[in-house]
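Colleague: the sequence isn't on hand, but the structure is:
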DNA sequence: TTTCTCTGTAAATATTTCTTTACATTATAA
DNA sequence: TTATAATGTAAAGAAATATTTACAGAGAAA
């Protein structure tokens, strides 16, 4: 799973902390997302996309793993 | 959070079990998603959208809650 | 160097998703 | 009624996300 969060965030001149505040999560959660440490809930993914002025499908991409939702 | 999973699934003539098999999750998980019982992981949301031939943003909608990702 | 801001990491914990197993309901068909 | 297929519900537990707290490194500015 890849994400363009950092790319969008820096383009808007936001710090991780500012983005976290907009999304109403901890800064660490933003760090983890940018680093791809885990796979967010849809609600969180949506909130981040909205805060960055884009969509979930644009912000996150799946190399197209191998079929399903199971771990890879 | 609203979803059009059932709408897409029935349009394709799939049972919950068949969709579950394509997505590689349990049938109960599909029931819960269709009923809005919980908020899936992004990976699961993506896998379901792909199995139904659509996108995450099309399949799920957020009335646009109130800002962030925090519970409502 | 010291100070400040931003970013990254780590461990324990709370919370939620998702599984597993089991049973109930509804509808169709014999 | 009896049988079968599809759907819905429930509870216990496994696995993951997200929080909380704390500390460390990099860069800019004094």
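Modeller: Looks like it came in fine. Note that the structure is predicted; figures quoted are calculated from it, not measured.
Colleague: list the contacts of the nearest residue to residue A:40 once chain neighbours are set aside.
Modeller: Leaving aside its chain neighbours, residue A:40 sits nearest to residue B:42 (5.3 Å; criterion: CB to CB, 6 or more residues apart in numbering or on different chains). C-beta: built from backbone N, CA, C; applies to glycine. Residues near residue B:42 by CB atoms under 8 Å, 6 or more residues apart in numbering or on different chains: A:1, A:39-42, A:44-45, A:56, A:60, B:56.
Colleague: at 10 Å what do you get?
Modeller: Listed by CB atoms under 10 Å, 6 or more residues apart in numbering or on different chains, the contact partners of residue B:42 are A:1, A:3, A:33, A:38-46, A:56, A:59-60, A:62, A:69, B:56.
Colleague: same check, this time on residue A:20
Modeller: Residues counted as contacts of residue A:20 (CB under 10 Å, 6+ apart) are A:14, A:26-31, A:33, A:48, A:51, B:68.
Colleague: what does residue A:39 give?
Modeller: Contacts of residue A:39 by CB under 10 Å, 6+ apart are A:1, A:33, A:45, A:60, A:62, A:69, A:71, B:41-44, B:46.
Colleague: now with 7 Å, please.
Modeller: A:1, B:41-43 (CB atoms under 7 Å, 6 or more residues apart in numbering or on different chains).
Colleague: for the spatially closest residue to it that is not a sequence neighbour, report the pLDDT, please.
Modeller: Using CB to CB, 6+ apart and skipping residues adjacent in sequence, the residue nearest residue A:39 is residue B:43, 4.8 Å away. Note on residue B:43: pLDDT of 96.
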